[in-house]
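Peer 1: Test case, fold it:
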Amino acid sequence: MEFLTGNRGSDDYQDQPADMPALGGASADPLRFLDFLIYEPVRAVLLHKSGISVIVPAPERYAVHKLIVASRRVVDTIGAAKRDKDLRQAVLLFDALDASNRLGELSDALKEAWERGEAWRHAIRAGMGYMSRGDRAATAALFHELGVDYEAE
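Peer 2: As a prediction, the model looks like this:
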């Protein structure tokens, strides 16, 4: 099990566990953009035996979060592999949301992230820049359809 806590401060705290005395001495990993990710979670079912009810981030928020987090990965072998995984997950979720007629929710989440400021817009653009040419073109077309021009400004 992994404990997470938001990190809105300096990047100096990234990758440094935060002590959480209320958890009996356990520590939590600081995660950027956590407040965005966990806002308005959804109920889902974990596929095990007769199913286990869980609460998870909304898929549209998870997709946008993965795109942003991918842009902030350290550029080493492990970081590049994690970035590729993040981007693949984002693209798969964008496709699934499109296929399930949930582009309205994706549009709302993307516009919210976009409007949070230049650092967020930079992270979205950078994440797009790391995508393969085909995924970037498809995602840019989807974003354009949603009214967000990721290359603007």
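
Peer 1: Show residues contacting the lengthiest helix in the chain.
Peer 2: Criterion DSSP state H: the longest helix present in the chain is helix 77-99. Contact partners of helix 77-99, identified using CB atoms under 8 Å, 6 or more residues apart in numbering, comprise 59-60, 62-64, 66-67, 69-70, 73, 103, 105-106, 127, 130-131, 135, 138-139, 142. Backbone N, C-alpha and C define where each C-beta goes, glycine included.

Peer 1: what about stretch 133-143, distance to the chain center?
Peer 2: 17 Å (CA atoms, centre = their mean, to the nearest Å).

Peer 1: again, but for stretch 19-35
Peer 2: Worked out by CA atoms, centre = their mean, stretch 19-35 lies 19 Å from the chain centre.

Peer 1: can you dump the C-alpha coordinates of that stretch into PDB?
Peer 2: Extracted C-alpha coordinates of stretch 19-35, given in PDB (Å, rounded to 0.1, in the frame of the first residue of the first chain):
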ATOM      1  CA  ASP A  19       6.300  11.800   8.000                       C
ATOM      2  CA  MET A  20       2.700  11.000   8.900                       C
ATOM      3  CA  PRO A  21       2.500  10.600  12.600                       C
ATOM      4  CA  ALA A  22      -1.200   9.900  12.400                       C
ATOM      5  CA  LEU A  23      -0.500   6.800  10.400                       C
ATOM      6  CA  GLY A  24       1.600   5.200  13.100                       C
ATOM      7  CA  GLY A  25       5.000   6.300  11.800                       C
ATOM      8  CA  ALA A  26       4.300   5.600   8.200                       C
ATOM      9  CA  SER A  27       5.400   8.100   5.600                       C
ATOM     10  CA  ALA A  28       3.600   9.400   2.500                       C
ATOM     11  CA  ASP A  29       5.000  10.200  -1.000                       C
ATOM     12  CA  PRO A  30       4.400  13.800  -2.000                       C
ATOM     13  CA  LEU A  31       2.600  14.000  -5.300                       C
ATOM     14  CA  ARG A  32       2.100  17.100  -7.400                       C
ATOM     15  CA  PHE A  33      -1.300  17.800  -8.700                       C
ATOM     16  CA  LEU A  34      -3.000  15.400  -6.200                       C
ATOM     17  CA  ASP A  35      -5.800  17.900  -5.400                       C
END
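
Peer 1: Can you give me the buried ones in it?
Peer 2: Using 16 or more other CB atoms under 10 Å as the test for burial, stretch 19-35 gives A28, P30, L31, R32, F33, L34.
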